[in-house]
Structures are given as structure tokens and as C-alpha cells.
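K.L.:
here are the coordinates; sequence isn't available:
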């Protein structure tokens, strides 16, 4: 027996809707006005909603729109409204049957059957349309994911598709879901790399400023300093375009504000008396950039993104150690002596990061070769750090820190574009 929710205004001339439905062998589970229709439909889960309303208004149409998402059921309306625009509104709101000046107890059963059939047909059409839209969106995702894999790993379109299909079967996910994962991983990997570069540049800028102020390869130091400023501006511009403003806008805005202060301190020729103030502002830039980088890693929800964060952080640590060594005024440090407390934490953090990158399974021949070269260059840099304020040592320090920066730039890009990273 069909369960019917009867909806009618409390008017004296309303037909005996409930009595007529019951006389046709139908069960009326509840009767209400338009205002209570959605509530009663959720409570009773009727097989159909039948409405009698001679002059329906927006209240009815709003209720039927809500009904579609809250408790879907066929809706049959008896009315006296003959206006075409009202009929269009009724159809758009999800009403399945619209009978004008045609209420009669004897017509209820055939009209109920017609309304039920039309509801099933429209529901099937919506499901098919939804499936078609989903397939179209999935195709777009697959094409984007293929492009990312082809660009990152220099493979053909067919090979990229085979990788996606294989990952889909292995993970028991639709290929569109796997493609979305590849797109998200690539997005967050690039964002973490760029935000991580801001950390590095905060330290490199002070290092290069100190070198130029000390008269060490002045022309080269100033050129690299100008390049660093350009890199910060470019990274901030890309992050502003690519990151979600509601999610990361406050963190990025804080970085941008502090960078404006740092940039203002770079005006004029580098002089040693301004280095300490510049370094103080750069430390704030480092803190805020690190906060943004960590937030991006956490948002990515992919454990492998941590590798990009660690590898990118190595760039910052070598620039920081070089900066600290240039700014300290102590004597040379003997090879057997431990590094002083102002240098040791940075050096130890770098060596922990290097050990982590050696141990993780995410590796390729290029990564292994890069890590080996980084270890050798790191030993050269440590020797220059220990040599103190000698001019030759400062030149070696500057060169080795730049070499390590290039090595970890390449390693971070390799991690960012590795198949394991992109496929999660």
C-alpha cells in the first residue's frame, strides 16, 4: 500500500483529500500545510507527496526544492493556477505532476501512477546526466594527470595512462580519483618547494649582503643578491596566484609584509653596520616562510610531501650556516674541536636531514648521485667554516654554499617530480 503525505492549506473550500485518498485504498501517513512538508516527509518517508493548493506561491516551490535533497519523493500538485510561468517554476522546482482545475477522487489513482512513472524517468535521466558529467570531469582529470606525468618524467602519453590505470587497479580506486591525487600531489609539491625557497632566500640574502659588505667578490655577491630578490618576488607572485586565499591567505600575507620590510633594508650599497638589522628582519621572514611551508605540507595529506620539505630545508640550512660563519668574529676552529654553540645546531640539523634522505626508500640513480656529491661538498664547506675569517676561507665558504644550494635545488626538483611522489 502506497504511503501518501497529504499537503493542503487549512481552507474551508479544500477538497476532502485525505478521505478521497483513503477511499482509493491509499494510506495517508500524515497531513500538513506547505510549511511542514519537508519536516513531515523526512519523518514519514512517504512514497508520494500530494498537494492541493489553488494558488501556490514561492513557499511551495522552495519546499519541493528542499524535498529533492532531504527526502526525495514524487510530488503531485492539484491547483487552479493556469499561468504558464508558474508551471515552468513548478517543473524547475522538481514537481512531477501538475493538474490544473482537474481534481477528482476518481482521477487520483491514474494520476498517481503517471506521477510515479515520470518521477522514476526524471530520476533516471538525472542519474545518467550526472554519470555523463562525472565521466567528462574524470576525462579532464585524467588528461591533466597524464600531462603532469609526461612533463615530470619525460614519458609518452600511452605510458602515462598505463601508470594511472595500474595505480587505479592497485589502489582499487577509479582512475579519476587517482588522477586527482596526482594533480593534488603535484600542486602541493610545487607549492612546498616554492615556499621552502623563501626560507632559503631569507638566509642567502643576508649571506650575500655580508659578503659584499666585507669586500668578498663584491660584484658577484651583489649580482646574486639582486637575483635572490627577484626570486623572492617571483615565488610570492606564483604562490599568490596558486594558493587558496581563504586557507593560506593570512600566512602568505604575513610573509609578503615581512618581505617588504627586508627589501626596504636592502637599499643602497651593502655596509656592515646594517647587517645585524637586516638579519633580524630576515629571521622573521624565515620563521613565517617555514610556517607557510609546514601548513602546505599538512594540507597535502601525502606523507611523501615531507621529503620535499626536508630536501628544501637543506638549502636553507647551508645558507644559514654560511651566514652565521660570516657574521661571527671568533678565531678559527680546530678540526678536532666541536663547532661552537652558534653554529652547531644548524650543522647538526643539516646532517640529520642528509641522513634522513639517505635512509628513505624514495630514491633514483640521480638522487643517489646528488646526495653523494652533496656529502663531499658539505665536507668542504665545514672546513671553510672552521677556517674562520681568512679571505680564502670566505671565498670557499661562499662557493661551497652556492654549490650545495644548486645540488639541493636539483634534488628537491627530482623529489618533486619523482613517480613515487606524484603517484602518492
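P.N.:
Cool, got the structure. Not measured: the values here are computed from a predicted model.
K.L.:
got the domain ranges for the protein?
P.N.:
In terms of domains, the chain is parsed into 3-125, 132-171, 175-422 (source: automatic domain parsing).
K.L.:
look up how far residue 310 lies from residue 352.
P.N.:
Residue 352 sits 9 Å away from residue 310, going by CB to CB, to the nearest Å. Just so you know, the C-beta spots here come from the backbone N, C-alpha and C atoms, and that holds for glycine as well.
K.L.:
go on, residue 363?
P.N.:
14 Å.
K.L.:
now the common contact residues for these two.
P.N.:
Common neighbours of residue 363 and residue 310 are not found (criterion: CB atoms under 8 Å, 6 or more residues apart in numbering).
K.L.:
compare those two (neighbour count), which wins?
P.N.:
The neighbour count for residue 363 versus residue 310, taken as other CB atoms under 10 Å, is higher for residue 310 (19 against 16).
K.L.:
the longest helix anywhere in the chain - contacts with which helices or strands?
P.N.:
As assigned by DSSP state H, the longest helix anywhere in the chain is helix 108-153. Applying 3 or more CB pairs under 8 Å, 6 or more residues apart in numbering; DSSP states H and E, one finds that helix 108-153 contacts strand 48-52, strand 75-79, strand 97-100, helix 157-171, helix 175-213, helix 391-417, helix 419-422.
K.L.:
ranking these by mean pLDDT, which is last?
P.N.:
Here the helices and strands packed on helix 108-153 differ in mean pLDDT, and the lowest is helix 419-422 at a mean of 58.
K.L.:
out of the domains of the chain, deepest packed?
P.N.:
domain 175-422 (a mean of 18; mean count of other CB atoms under 10 Å).
K.L.:
off-centre distance for that domain?
P.N.:
Put simply, domain 175-422 sits 23 Å off its chain's centre (CA atoms, centre = their mean, to the nearest Å).
K.L.:
what of stretch 119-129?
P.N.:
Centroid separation for stretch 119-129 versus its chain: 33 Å, with CA atoms, centre = their mean.
K.L.:
and residue 2, its phi and psi?
P.N.:
phi -70, psi 140 (degrees, to the nearest 10).
K.L.:
surely it and residue 115 touch.
P.N.:
No. With contact defined as CB atoms under 8 Å, residue 2 does not reach residue 115; the gap is 11.0 Å.
K.L.:
which neighbours do these two have in common?
P.N.:
In terms of CB under 8 Å, 6+ apart, residue 2 and residue 115 are both contacted by the residues residue 48.
K.L.:
secondary structure class for residue 103?
P.N.:
Following DSSP: H, G, I helix; E, B strand; the rest coil, residue 103 is assigned to coil.
K.L.:
an error on my part: the question was meant for residue 31.
P.N.:
Using three-state DSSP, the structure places residue 31 in strand.
K.L.:
for it, name its beta-bridge partners.
P.N.:
Per DSSP bridges, the residues bridged to residue 31 are residue 6.
K.L.:
mind listing what it touches?
P.N.:
Contacts of residue 31 (CB under 8 Å, 6+ apart): 5, 6, 7, 8, 17, 18.
K.L.:
residues in contact with the spatially closest residue to residue 393 that is not a sequence neighbour?
P.N.:
Nearest residue to residue 393, sequence neighbours excluded (CB to CB, 6 or more residues apart in numbering): residue 387, at 3.4 Å. Contact analysis of residue 387 by CB under 8 Å, 6+ apart lists 332, 393, 396.
K.L.:
just residue 325 next, same as before
P.N.:
With contact set as CB under 8 Å, 6+ apart, residue 325 has these partners: 343, 384, 385, 397.
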